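Colleague: Generate a structure from the sequence data that follows.
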Amino acid sequence: MISVSTPEAPHWVQVLLSLLGVLGGTTGLAAIATVVAQRGKFKADAADTLTETALTLVQPLQMRITELESDAVSARSELALLREQVNQLQFVVRVLTRTLDRWRAAVHAPDATLRKIRSVVAESERLSEEQ
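Modeller: Residues are numbered from 1 along each chain as shown. Got it, this is the predicted structure:
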């Protein structure tokens with residue numbers, strides 16, 4: 001049988017190759033560890049950016065909502081005042097309508113005289129002064 005011996009490399013070459021393998025492996029692991037560690041940082045940075053952007057967009061809307069709520073409160077109080085004024089005017093219109101109806105009835109009465117009409121008008125004035 002023919003035996004072939006394997007050539008042996010010098011010891012320093014084996015040590016150098018082993019050292020390069022360990023360093024290469026370590027560098028690869030370090031690169032993977034860096035990517036994994038920074039992945040969380042990238043997510044946090046993205047979340048911070050999204051939060052800042054959302055706040056930038058929301059703040060003007062919140063200010064506008066505050067302004068609109070203030071305007072709504074003012075409008076409600078003005079509306080309440082106007083409703084009260086309308087109620088008062090409706091009351092005055094009812095009183096004047098009744099007065100006008102009494103005067104019209106006095107004028108159109110079959111026995112109407114100037115003295116009776118003046119008496120009805122004077123009575124109406126007296127009633128309005130009492131109120």
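
Colleague: By mean pLDDT, which helix or strand of the chain comes out lowest?
Modeller: Sorted by mean pLDDT, DSSP states H and E, the helices and strands of the chain end with helix 11-108, the least confident at a mean of 83.

Colleague: which residues does the closest residue to Lys116 other than its chain neighbours contact?
Modeller: Leaving aside its chain neighbours, Lys116 sits nearest to Ala106 (6.2 Å; criterion: CB to CB, 6 or more residues apart in numbering). Where you see a C-beta, it was placed from the backbone N, CA and C, and this is true even at glycine. Contact analysis of Ala106 by CB atoms under 8 Å, 6 or more residues apart in numbering lists 112, 116-117, 120-121.

Colleague: Just after the least confident helix or strand of the chain, pick out the following helix or strand.
Modeller: helix 114-130 (DSSP states H and E).

Colleague: Return the list of helices and strands in contact with that next one.
Modeller: helix 11-108 (3 or more CB pairs under 8 Å, 6 or more residues apart in numbering; DSSP states H and E).

Colleague: and the angle for the helix it packs on with helix 114-130?
Modeller: For helix 11-108 against helix 114-130, the angle by axes from the mean of the first three to the mean of the last three CA atoms, to 10 degrees is 150 degrees.

Colleague: Can you tell me the centre-most residue of this protein?
Modeller: Ile65 (4.4 Å; CA atoms, centre = their mean).

Colleague: can you tell me how far it sits from Ala46?
Modeller: Here Ile65 is placed at a distance of 28 Å from Ala46 (CB to CB, to the nearest Å).

Colleague: so what's Glu78 up against?
Modeller: Counting by CB under 8 Å, 6+ apart, there are no residues that Glu78 touches.

Colleague: So it versus Arg98, what's the distance?
Modeller: 31 Å.

Colleague: Let me know how buried Leu79 is, in neighbour terms.
Modeller: 10 (other CB atoms under 10 Å).

Colleague: and if you look at the one 3 residues further on?
Modeller: When counting by other CB under 10 Å, one arrives at 10 neighbours for Leu82.

Colleague: Since that was my last question, I'll sign off now.
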